[in-house]
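Peer 1: The sequence and its predicted three-dimensional model are supplied below.
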Amino acid sequence: MKETCDLLAFGAHPDDVEIGMGGTIAKYVRRGYRIVICDLTQAELSSNGTVDERQREAAEAARRLGVSERFNLGLPDRGLYVEEEAIRQIAAVIRRYRPRLVFAPYWKIDIRITGDAPALSRKRSFPPASAAMAPESLAMRTAFGRCIII
C-alpha cells in the first residue's frame, strides 16, 4: 500500500519550506493533517552553514513543526533545471505520497524546477488511467507569502 499525505511541500534547499510556509504547516498539523517535506538539494553551495548543520536544523524544524516526514532528493544545488531525471524523481515522490495538496515555491531563475516540476509531473506522470494518483490541487507560494492555486 502506498503512503499518503495531506500536504506535500517542496523546497529547493533545507529551510526554504519553513521560511515560505512554516506557519501554514504548523496550522495544518494542529488540524491533524499529515505533512511531508521534500527538499530537493542539500544546499551544498550555500554560505549559511555546512550541509551537516543545515540538515540538522531542517530535521529539528520538522520535528518542532510536527511534520510527519522530511527527506532530501540530493539534486545538485544551483543545478535545478527542468530535466527528465529531476522531473522523474519529483513525480515519483508525488506518486508515492499521493498528496491532496502540493506546495512549491514560485519559480525564480536559480530554482525554476521547484516551481515547474509539480505542474509538469502532473501533466506527464498522471495519464487518465492514473488520474486518481494526481494531487487535487497544486499551489505555488510567492515571495510575498501569497499562494497561487494552479
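Peer 2: Structure's in. What do you need?
Peer 1: Can you show me the helices along this structure?
Peer 2: Listed in chain order, the helices found in the chain under DSSP state H are 16-30, 51-65, 84-97, 112-125.
Peer 1: I'd like these laid out as JSON lines, including mean pLDDT and distance to Glu44.
Peer 2: Where C-beta positions appear, they are placed from N, C-alpha and C, glycine not excepted. Written out in JSON lines, the entries for the helices of the chain read as follows (pLDDT from 0 to 100; distance: least, C-beta to C-beta, whole Å):
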{"stretch": "helix 16-30", "mean pLDDT": "92", "distance to Glu44": "14"}
{"stretch": "helix 51-65", "mean pLDDT": "93", "distance to Glu44": "5"}
{"stretch": "helix 84-97", "mean pLDDT": "89", "distance to Glu44": "16"}
{"stretch": "helix 112-125", "mean pLDDT": "49", "distance to Glu44": "16"}
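Peer 1: And these: which comes nearest Leu40?
Peer 2: Among those, helix 112-125 comes nearest to Leu40, with 6.1 Å by C-beta to C-beta.
Peer 1: Please look at Leu75 and Ala86 and confirm they touch.
Peer 2: Yes - with contacts counted by C-beta atoms under 8 Å, Leu75 reaches Ala86, the gap being 5.7 Å.
Peer 1: which residues are in contact with both of the two?
Peer 2: Taking C-beta atoms under 8 Å, 6 or more residues apart in numbering as the contact rule, Leu75 and Ala86 both touch Leu40.
Peer 1: on that earlier part again, will you turn the helices of the chain into CSV that also has distance to Pro105?
Peer 2: As requested, these are arranged in CSV below (distance: least, C-beta to C-beta, whole Å):
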stretch, distance to Pro105
helix 16-30, 6
helix 51-65, 16
helix 84-97, 13
helix 112-125, 5
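Peer 1: If anything else comes up later, I'll come back, but that's it for now.
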